[in-house]
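Asker: Have a look; sequence and predicted model below, questions after that.
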Number of protein chains: 2
Amino acid sequence: MEQKVMNQSIMSALEKFNELDEKISHFNSILGLLSWDQKVISPKKGRSIFANANGTLRTEAFKLTVSEEMGEALSTLSTPEAEEYLDEAMKAKVRERLKFYNRSKSIPAAMIKDFSVLTSRANDAWEEARENNDFGKYLPYLEKIVEFKRKAVEIYGYENHPYDALLDEFEPGLTVEKLDPLFVKLRESSADLLRRIQESSYKPSVEIFEQPYSVEKQKEFNRYILPLIGFDMEAGRLDETVHPFAQPVNTRDVRITTRYLENNVRSAIFGTIHEAGHGIYEQNINPEFQDTVLQEGASFGIHESQSRFLENMVGRSEEFWKYFYPKLQEHFPEQLGKVGLDDFYRATNAVQPSFVRVEADELTYNLHIMVRYEIEKL
Amino acid sequence: MEQKVMNQSIMSALEKFNELDEKISHFNSILGLLSWDQKVISPKKGRSIFANANGTLRTEAFKLTVSEEMGEALSTLSTPEAEEYLDEAMKAKVRERLKFYNRSKSIPAAMIKDFSVLTSRANDAWEEARENNDFGKYLPYLEKIVEFKRKAVEIYGYENHPYDALLDEFEPGLTVEKLDPLFVKLRESSADLLRRIQESSYKPSVEIFEQPYSVEKQKEFNRYILPLIGFDMEAGRLDETVHPFAQPVNTRDVRITTRYLENNVRSAIFGTIHEAGHGIYEQNINPEFQDTVLQEGASFGIHESQSRFLENMVGRSEEFWKYFYPKLQEHFPEQLGKVGLDDFYRATNAVQPSFVRVEADELTYNLHIMVRYEIEKL
């Protein structure tokens, strides 16, 4: 059997690539932690100062991904000759970095920094605007973000629709051309199903969720279910934020958040299960991919497939509640002691159009996504 | 009046210096946050992975401080000709960076990275060893740290005593030659005072501290005093750790920790006041120095002057407790309701040799420091 000997230029390109890939991945891991910190735990007055430090690191990471060194290593490693020496994982790393390189190499680093500082501050402004129910406070940030994105679209370039340039970030390869017909079909059948549900005389009694539920007891219950559905609490955290999210730092440090509403016990439970879906996915990424471009989830679509599967297929199933409902009743005997499993289970599957995506039911959630898509496409 | 015009080379050195100084300061601000996160809040399993990312950033920051670019800018800016154009703050920035540059330029970057990863992991090992009362688990880390430090001493160089090379990090310009006689005098008079205290028939009744004090109530009391002694809670946090510390992220984000012992109400109170002393100092650094080498406290000595002044001169004074004792009694009516202010105040000033520095009294604290000094000097 012939043993292939890697030539010198491929070998040194590989070495350079791994060095850069590791450094970028380390920086991204740190940026993940910083983003979590600033949203969840940082003192208010320090955030706008910290936004600058954060922007500096983000810019450094960006510069490395589009650096000349990276470009040279990538062009050597993506030749058919080099690919013969690379295993599947290595090929995937090169492919992912190359995609980002080609996509982003024309974006000026200063734009990345400005955008980073802007979005850090925008999150603060959003929280304040939300608290005071004052959209005007957030509007200038939103306008600037949209302006930035439009500029980015022109730099990224696109074949058919400008939004394709941004869609690709969420779901590689997806285009308006593919998505529009899919959404038309989904919208029609969803609207039809929604109409039939609304006309039905059967209404699950969702009022059971809207009694006063102690937030402390809710926290206890959410912490109780997490390890049982597969989220490793020693490799992650559960915290509280206005807008629930999941943030990986590394495969053994995945942080999720939820929100507790005193008068809505559903919100935290399904929010937590949803974010746990994201978290469990990240906790189970092959540890060999740690500190490489493959260290995080593959795409938004894959991610939501995990979170929504856990939330809806598992978390709203009768089997799930057969096990967990008695425990929930123990936590809230006054509120649920007299509500039967069947009534509870049906209520968790009730469909009600609302304005808040993160609390939407299984059916109208999709409609929220479509509205968002239509707005972003504009 | 003659207007001085800066020549081109000074101007561009200044520009380069400010650019590098800002980037390093941003990285240090991030490193501060990361260090806090890993000690206070990160999930256990992720820490040893994160140590690598942390080490990468620390190494980047280090490389910039000893980079050729920095060296060139510093050599231009530290000429008498250039200094004419610099204001006091700018001169101080150049002086501080130059000191670090000269001191560290011979340290290999790989050594910084290894040391960073080692100390991250050592902290974990220390916590575990402490929990299991098993010094053997920590020993290998300690040995490696000492080995590293000895290597660093040889690289830094020294005139008289090897420990001078390390002392300079804590207190610029301080040497064994200066410190030894100072400590001899302090030790003698401290030992004498301690002997007289131990022989005295008057013993404040410290048992009042050793009743069961609810940790929740302790937390409440500590949070109550912090803003009143000048710590801005919107520009900082108070958390709980095994070993109390203060960590600045920036002047508006200063994080302190304390520890609560159910059977020792003193520990958290004086620990919190001590760390608040560090924190208030950092919160009051001139905001114009933010994102420069001057953004953090000047030295360990200056820092402890703040923390120990607040702890001992303020926190153990009769005036302090005249105001705060009624509030403490409100929190703990069962434990302190019948203890008078005078007895309480005297008990807070009781002197008792112990093995734990962070809980030592005003007098024996110094002896702890001297023991530590003697060990480190070896």
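Answerer: In hand now; what should we look at?

Asker: Please count neighbours and contacts with C-alpha atoms only from this point.
Answerer: OK.

Asker: The stretch 201-350 of chain A against chain B: which residues are in contact?
Answerer: Contact residues, the stretch 201-350 of chain A versus chain B (C-alpha under 8 Å from any C-alpha of the partner chain): A:Met233, A:Glu234, A:Ala235, A:Gly236, A:Arg237, A:Val249, A:Asn250, A:Thr251, A:Arg252, A:Asp253.

Asker: Which segments of chain A make up each domain?
Answerer: Chain A breaks down by automatic domain parsing into domains covering A:8-157, A:205-349.

Asker: Just send these back as a markdown table, with mean pLDDT and mean neighbour count too.
Answerer: Below are these laid out as a markdown table (pLDDT from 0 to 100; neighbours: other C-alpha atoms under 10 Å in any protein chain shown):
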| stretch | mean pLDDT | mean neighbour count |
| --- | --- | --- |
| domain A:8-157 | 95 | 18 |
| domain A:205-349 | 96 | 19 |
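
Asker: Out of these, flag the one nearest B:Leu86.
Answerer: Ranking the domains of chain A by proximity to B:Leu86 (C-alpha to C-alpha) places domain A:8-157 first, at 25.2 Å.

Asker: That closest one: end-to-end distance?
Answerer: Using C-alpha to C-alpha, to the nearest Å, the end-to-end distance of domain A:8-157 comes to 36 Å.

Asker: does chain B sit close to that domain?
Answerer: Yes: if you take C-alpha under 8 Å from any C-alpha as the test, domain A:8-157 does meet chain B, through A:23, A:26-27, A:29-30, A:34, A:42-47, A:49-50, A:52-54, A:56-57.

Asker: in chain A, which spans are strands?
Answerer: A:236-240, A:246-250, A:253-258 (DSSP state E).

Asker: As CSV, the ones you listed with distance to A:Arg97 would be great.
Answerer: Converted to CSV, the strands of chain A look like this (distance: least, C-alpha to C-alpha, whole Å):
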stretch, distance to A:Arg97
strand A:236-240, 27
strand A:246-250, 19
strand A:253-258, 23
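
Asker: any chance of the domains of chain A in a markdown table, plus distance to B:Pro172?
Answerer: Converted to a markdown table, these look like this (distance: least, C-alpha to C-alpha, whole Å):
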| stretch | distance to B:Pro172 |
| --- | --- |
| domain A:8-157 | 27 |
| domain A:205-349 | 37 |
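
Asker: Indicate which one of the ones you listed is closest to B:Gly157.
Answerer: With distances scored as C-alpha to C-alpha, the stretch of the domains of chain A nearest to B:Gly157 is domain A:8-157 (31.6 Å).

Asker: ok, A:Leu328 - contacts?
Answerer: Shown in contact with A:Leu328 (C-alpha atoms under 8 Å, 6 or more residues apart in numbering or on different chains): A:Phe221, A:Leu336.

Asker: Averaged pLDDT, stretch A:367-378. What do you get?
Answerer: Averaged over stretch A:367-378, pLDDT sits at 91.

Asker: Please work out which residues outside it touch it.
Answerer: Under the contact criterion C-alpha under 8 Å, 6+ apart, stretch A:367-378 has outside partners A:Pro162, A:Tyr163, A:Phe183, A:Arg187, A:Ser190, A:Arg357.

Asker: Just give me the neighbour total for the third one.
Answerer: Burial measure for A:Phe183: 18 neighbouring residues, criterion other C-alpha atoms under 10 Å in any protein chain shown.

Asker: burial measure for the nearest residue to it once chain neighbours are set aside, as a count.
Answerer: Of all residues beyond its chain neighbours, the one nearest A:Phe183 is A:Met370 (7.1 Å), with distances taken as C-alpha to C-alpha, 6 or more residues apart in numbering or on different chains. Per other C-alpha under 10 Å, the neighbour tally for A:Met370 reads 17.

Asker: any idea how far A:Met370 lies from chain B?
Answerer: Distance, A:Met370 to chain B, by C-alpha to the nearest C-alpha, to the nearest Å: 36 Å.

Asker: Tell me who's in contact with the residue nearest to A:Glu311 when sequence neighbours are not counted.
Answerer: Once flanking residues are discounted, A:Glu311 sits nearest to A:His274: 4.9 Å by C-alpha to C-alpha, 6+ apart. Listed by C-alpha under 8 Å, 6+ apart, the contact partners of A:His274 are A:Ser307, A:Arg308, A:Leu310, A:Glu311.

Asker: quick check, nearest of the residues you listed to chain B?
Answerer: Nearest to chain B among the contacts of A:His274 is A:Ser307, at 21.3 Å by C-alpha to the nearest C-alpha.

Asker: Is it correct that A:Glu83 is in contact with A:Ala89?
Answerer: No: the pair A:Glu83 / A:Ala89 is not scored as a contact, 11.3 Å apart, by C-alpha atoms under 8 Å.

Asker: shared neighbours of the two, anything?
Answerer: With C-alpha under 8 Å, 6+ apart as the test, A:Glu83 and A:Ala89 reach no residue in common.

Asker: got the residue ranges for the helices in the stretch 51-200 of chain A?
Answerer: Using DSSP state H, counting those that start in this stretch, the helices of the stretch 51-200 of chain A run over residues A:68-77, A:80-83, A:88-104, A:109-131, A:135-156, A:164-170, A:176-199.

Asker: Quick one, which of the ones you listed gets closest to B:Asp291.
Answerer: In terms of C-alpha to C-alpha, the element of the helices of the stretch 51-200 of chain A nearest to B:Asp291 is helix A:109-131, at 14.9 Å.

Asker: For A:Gly297, give me its contacts.
Answerer: The contact partners of A:Gly297, taken as C-alpha under 8 Å, 6+ apart, are A:Tyr281, A:Glu282, A:Ile285, A:His303.

Asker: Tell me which two of those residues sit farthest apart.
Answerer: Every pair of the contacts of A:Gly297 checked by C-alpha to C-alpha; the farthest is A:Ile285 and A:His303, at 11.9 Å.

Asker: follow-up on the earlier one: ok, so of the residues of the stretch 201-350 of chain A next to chain B, who is nearest B:Val215?
Answerer: B:Val215 has its nearest neighbour among these in A:Arg237, at 22.6 Å by C-alpha to C-alpha.

Asker: what separates A:Ala82 from A:Thr65, distance-wise?
Answerer: A:Ala82 sits 20 Å away from A:Thr65, going by C-alpha to C-alpha.

Asker: what does A:Pro108 give?
Answerer: 12 Å.

Asker: what does A:Glu334 give?
Answerer: To A:Thr65, A:Glu334 is 56 Å away according to C-alpha to C-alpha.

Asker: cool, A:Pro227 as well?
Answerer: A:Pro227 sits 37 Å away from A:Thr65, taking C-alpha to C-alpha as the criterion.

Asker: what's the answer for A:Ile256, then?
Answerer: Separation of A:Ile256 from A:Thr65 (C-alpha to C-alpha): 27 Å.

Asker: again with A:Gly271
Answerer: With distances taken as C-alpha to C-alpha, A:Gly271 is found 34 Å from A:Thr65.

Asker: Ok, A:His303 next?
Answerer: Computed with C-alpha to C-alpha, the distance linking A:His303 and A:Thr65 is 23 Å.

Asker: What of A:Ile280?
Answerer: According to C-alpha to C-alpha, A:Ile280 stands 28 Å off from A:Thr65.

Asker: Then A:Ala73?
Answerer: Using C-alpha to C-alpha, one gets 11 Å for the distance from A:Ala73 to A:Thr65.

Asker: Same check on A:Asn250?
Answerer: A:Asn250 sits 19 Å away from A:Thr65, taking C-alpha to C-alpha as the criterion.

Asker: Ok, A:Glu171 next?
Answerer: Using C-alpha to C-alpha, A:Glu171 is found at 20 Å from A:Thr65.

Asker: same thing with A:Ser104?
Answerer: Taking C-alpha to C-alpha, one finds A:Ser104 at 8 Å from A:Thr65.

Asker: do the same with A:Leu328
Answerer: In terms of C-alpha to C-alpha, A:Leu328 sits 48 Å off from A:Thr65.

Asker: Could you do A:Ile208 as well?
Answerer: A:Ile208 sits 52 Å away from A:Thr65, going by C-alpha to C-alpha.
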